[in-house]
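Chemist: Turn this into a model:
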Amino acid sequence: MMRHAVLFRFKPDFPASDRQAWIDGLNRMDGNIPGLLCLTHGPDVMGTERSFDYAIVADFASVDDVAVYNTHPLHEPLKKYSFPNSEQILSVDFHL
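Modeler: Predicted structure coming up:
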């Protein structure tokens with residue numbers, strides 16, 4: 001199994017409507033992408049100096065399934081929200 005974790009630090013002017021469309025898209029992915037076993041996500045609640053704004057954690061059956069997810073038609077449209085509205089995006093993929 002693989003775990004894919006992504007952290008987002010948003011730009012201050014990320015429009016609320018675009019952010020909601022992005023979150024709605026995240027909700028549509030769980031259970032609808034082959035090999036994606038579980039997807040959880042949410043905003044930071046601690047607000048510390050080192051905190052990022054939002055996290056996604058997704059578990060996959062295999063490394064190949066992460067590649068399928070990265071280009072899946074449910075995932076691709078979300079990039080138009082996350083990339084231009086983020087100051088920084090970090091990710092890590094590791095075996096469980």
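
Chemist: okay, which residue of this structure is out on the far edge from center?
Modeler: Most distant from the centre of the chain: Glu49, at 21.2 Å, with distances by CA atoms, centre = their mean.

Chemist: in which helix or strand would I find the residue nearest the centre of the chain?
Modeler: Centroid-nearest residue in the chain: Ile56, 4.1 Å away (criterion: CA atoms, centre = their mean). Here Ile56 sits within strand 54-60, counting by DSSP states H and E.

Chemist: Pull the contacting residues for the nearest residue to Ser51 once chain neighbours are set aside.
Modeler: Spatial nearest neighbour of Ser51, excluding adjacent residues (CB to CB, 6 or more residues apart in numbering): Asp44 at 4.6 Å. For the C-beta atoms, the positions are set from N, CA and C on the backbone; glycine is no exception. By CB atoms under 8 Å, 6 or more residues apart in numbering, Asp44 lies in contact with 51-55.

Chemist: Present those as a markdown table; the columns should include neighbour count.
Modeler: Below are those laid out as a markdown table (neighbours: other CB atoms under 10 Å):
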| residue | neighbour count |
| --- | --- |
| Ser51 | 13 |
| Phe52 | 17 |
| Asp53 | 17 |
| Tyr54 | 21 |
| Ala55 | 16 |
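
Chemist: Of these, which is the nearest to Pro34?
Modeler: Closest to Pro34 out of the contacts of Asp44 is Ala55 (23.2 Å), distances taken as CB to CB.

Chemist: what pairs with that closest one across the strands?
Modeler: Leu7, Gly42 (DSSP bridges).

Chemist: Surely it is in contact with Arg9?
Modeler: No. At 10.8 Å, Ala55 and Arg9 do not qualify as touching, with contact defined as CB atoms under 8 Å.
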